[in-house]
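Q: what's the 3D shape of this:
(chains A, B, C and D)
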Protein chains: 2
Amino acid sequence: MKQKVTLKQIAKELDVSISTVSKALKGSKEISEDTRQKVKAFAKLYNYKPNNIALSLKNRKTKTIGVIIPEIIHHFFTTVIGGIEKVANANGYNVIICSSNNSFDKEVLNMELLASGSADGFIISVAKETQQKDDHHHILETMNQGMPVVMFDRVIDELICDKVIIDDVRGGQSATSHLLLNGCRRVALITTVDYISVGKLRTKGYKRALMAYDIEVDDDLILKIEDVSNCSDSIHDFLKDKDIDGVFAVNELFAVTAARVLKNQGKTIPEDVALVGFTDGILSKHFIPSLSTVSQHGVQMGERTAQLLIDKLEKNEEGIEEYKTVIIDTSLIQRESTQKKGN
Amino acid sequence: MKQKVTLKQIAKELDVSISTVSKALKGSKEISEDTRQKVKAFAKLYNYKPNNIALSLKNRKTKTIGVIIPEIIHHFFTTVIGGIEKVANANGYNVIICSSNNSFDKEVLNMELLASGSADGFIISVAKETQQKDDHHHILETMNQGMPVVMFDRVIDELICDKVIIDDVRGGQSATSHLLLNGCRRVALITTVDYISVGKLRTKGYKRALMAYDIEVDDDLILKIEDVSNCSDSIHDFLKDKDIDGVFAVNELFAVTAARVLKNQGKTIPEDVALVGFTDGILSKHFIPSLSTVSQHGVQMGERTAQLLIDKLEKNEEGIEEYKTVIIDTSLIQRESTQKKGN
DNA sequence: TTTCAACACGCAATCGATTTCGTTGCGATT
DNA sequence: AATCGCAACGAAATCGATTGCGTGTTGAAA
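A: Down below sits the predicted model:
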């Protein structure tokens, strides 16, 4: 078991100084061609790799990006991560991913951990609990220490920093409009409680779409789900005996659960009830019938997010402190769940 | 923007030495009660946090675990990560996740990166390409440098290290037996090409189950899919006009794709054809009909894996070099896809 | 022979924190 | 008065790598 080889050891073996070794490896012309070759050969032989920790300490930068997301078991977030990694790696950064598990405390812990030397900047989508408590001192503190932060998807309006979001209102509106356009007139909405920002916004879009069609919003057709873990019961009770011809669900889980409930009630999709979801994940794609949905373009979102952060990290001087909010276009993906046969 | 405060700055402000500050903060009784209080108060005020990088350099350990997985957009791996994080955090470790995107080169890069100071040990499930090339010098080198490595799921037999796997053969066997037990006699298998270890093993289990029932293996009923991205066509061609009453698919994607193809062919599940998948992900759970499947208990797998690694990391001396292979039980989850109505 | 570049290399500071081993100063003991 | 012991603190090495600057050696020019 040969331990990691350091400059010091190479120096001793070759009977030169540490500085000479370092310079030789970097190809400095300060060192004679002869010595340079010798050192390089030796380093190759022993598979020398500079110690990242030491480099980070010296350079005061780690070349890594910290990513904190609410849950890693979530297709949308993983696609975003894909985009982040793509851009990060292309720019010589690597990525540390931490999940907060939707816990406020763990989010704070993760930030402190990464902030104390492990990352140069942050990409974060806040935990459910954080949105609920509306407490974001930890993010503010991190920013005050001079670390750039970019938020995505679940952002906090009060914080002044770069953000990448989708236009959830328009997404919700276009989903609902799509149903209306397909002839639906009694469209139910299955959404989250209001403190989840994206749920609230998509709900807003739903209402706008109805208004644009001069249809009055009927609160009896709106279900706000508190406890996601047994949303099935809520949806079952909600849809029971309800006279509807369309459903807009603000996420995949609600959508497929609604589909199942409808089927149990003897309704067929899309003939009796058309259905639109949100987030273009594997569920929507593979479900039978496949689900029309609003795509958030997660990969693109990740790419833009990472690029914003890297721009901030690499702008040499404090420059102009300007913060952007990038809005990623959503697009409606039409699939079987809104496609009446013969259409 | 107050920059991060260091020991040095505190020392200067309080007009004491760096060592005094350090000792005071650690509550050393070498320092007078008076000074201790002063330093602590000051540190609290300025929100001092020791720099992790410096600590890592000094202690020659980072207290972080590097995890390398083939793809992060994969429900099974994310559940494993959940288990890893749980155990790691409970033991004061944090977790860095890198995805190799099933690329051999990226896997090597990631390892080198993390090995050069960023992590104390590794948890890895190798990329598809790595299995195909059967090249694992990078893992061997890392181990030779004294870094503990634990492999899970997609392991490499030749490497001597801790491993956590499931018994894929038995999993495949029990899935197939379940179909046979439910009366199926012509069971098709949809699997991967042979160099994917888990596919090969599950295939073996399939054959064993048939043999136990004295049914001859019919190669016409076995489909080995090379190109996952358009498995739909392959499966379509494969199932066309085939006289079968059961299908065992070695992963979720193959299972739902088969379900769709069967439906297009006018067959119903489970009445005409029963279906069993592998991996208990969201697809299996939410599909209609919900899919019977073999659960790999990803969380538990992650927990065991992390525990093995931490044990290796914390055993003080080189001790006994012994390596375990832990086999996680699989369990068959029965759902609608094998449950004939009225059963 | 003297002088002066140029060359090739080493010293030492630095990043931030820890820790061992001194080194003060002061009261107490003999 | 000399010595001892203890309390309280500082200097410096250390982890691994980088880099500006100083220095010794050499050859060649004057």
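Q: Can you name the residues that contact the closest residue to A:I31 other than its chain neighbours?
A: Spatial nearest neighbour of A:I31, chain neighbours left out: A:A24 (4.7 Å); criterion: Cβ to Cβ, 6 or more residues apart in numbering or on different chains. Every residue, glycine included, has its C-beta placed from N, CA and C. Counting by Cβ atoms under 8 Å, 6 or more residues apart in numbering or on different chains, A:A24 touches A:I31, A:T35, A:R36, A:K38, A:V39, A:K40.
Q: out of the residues you listed, which are buried?
A: When the contacts of A:A24 are checked for burial by 16 or more other Cβ atoms under 10 Å in any protein chain shown, the buried set is A:I31, A:R36, A:K38, A:V39.
Q: Would you mind splitting chain A into its domains for me?
A: When chain A is parsed with automatic domain parsing, its domains come out as A:7-50, A:58-166+A:298-329, A:168-296+A:332-338.
Q: May I see the contacts of A:A24 arranged in TSV, with secondary structure, distance to A:S177 and pLDDT as well?
A: As requested, the contacts of A:A24 are exported to TSV (DSSP: H, G, I helix; E, B strand; the rest coil; distance: Cβ to Cβ, whole Å; pLDDT from 0 to 100):
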residue	secondary structure	distance to A:S177	pLDDT
A:I31	coil	69	93
A:T35	helix	72	94
A:R36	helix	68	94
A:K38	helix	72	95
A:V39	helix	68	95
A:K40	helix	65	95
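Q: For the stretch 101-250 of chain A, what lies in contact range of chain B?
A: The stretch 101-250 of chain A has residues A:N110, A:E112, A:L113, A:A115, A:S116, A:G117, A:S118, A:E141, A:N144, A:Q145, A:G146 near chain B, with proximity defined as Cβ under 8 Å from any Cβ of the partner chain.
Q: correct me, but the second one touches A:H138?
A: Yep, that's A:E112 we're talking about. Yes: when contacts are counted by Cβ atoms under 8 Å, A:E112 is listed as touching A:H138 (7.2 Å).
Q: neighbours around the residue of the stretch 201-343 of chain A found nearest DNA strand C, how many?
A: Minimum separation of the stretch 201-343 of chain A from DNA strand C (Cβ to the nearest atom of the strand) falls at A:L313, amounting to 17.1 Å. For A:L313, the neighbour count with other Cβ atoms under 10 Å in any protein chain shown is 16.
Q: Quick check: it touching A:V149?
A: No: taking contacts as Cβ under 8 Å, A:L313 lies outside contact range of A:V149: 11.1 Å.
Q: Pull up the overlap in contacts between these two.
A: Common neighbours of A:L313 and A:V149 (Cβ under 8 Å, 6+ apart) are A:G121.
Q: ok, A:E112 and A:H138, which is more surrounded?
A: A:H138 (19 against 15).
Q: isn't there a helix covering that one?
A: Yes: applying DSSP: H, G, I helix; E, B strand; the rest coil, one finds A:H138 inside a helix.
Q: Now do the phi/psi pair for A:V150.
A: With angles defined as degrees, to the nearest 10, A:V150 sits at phi -120, psi 130.
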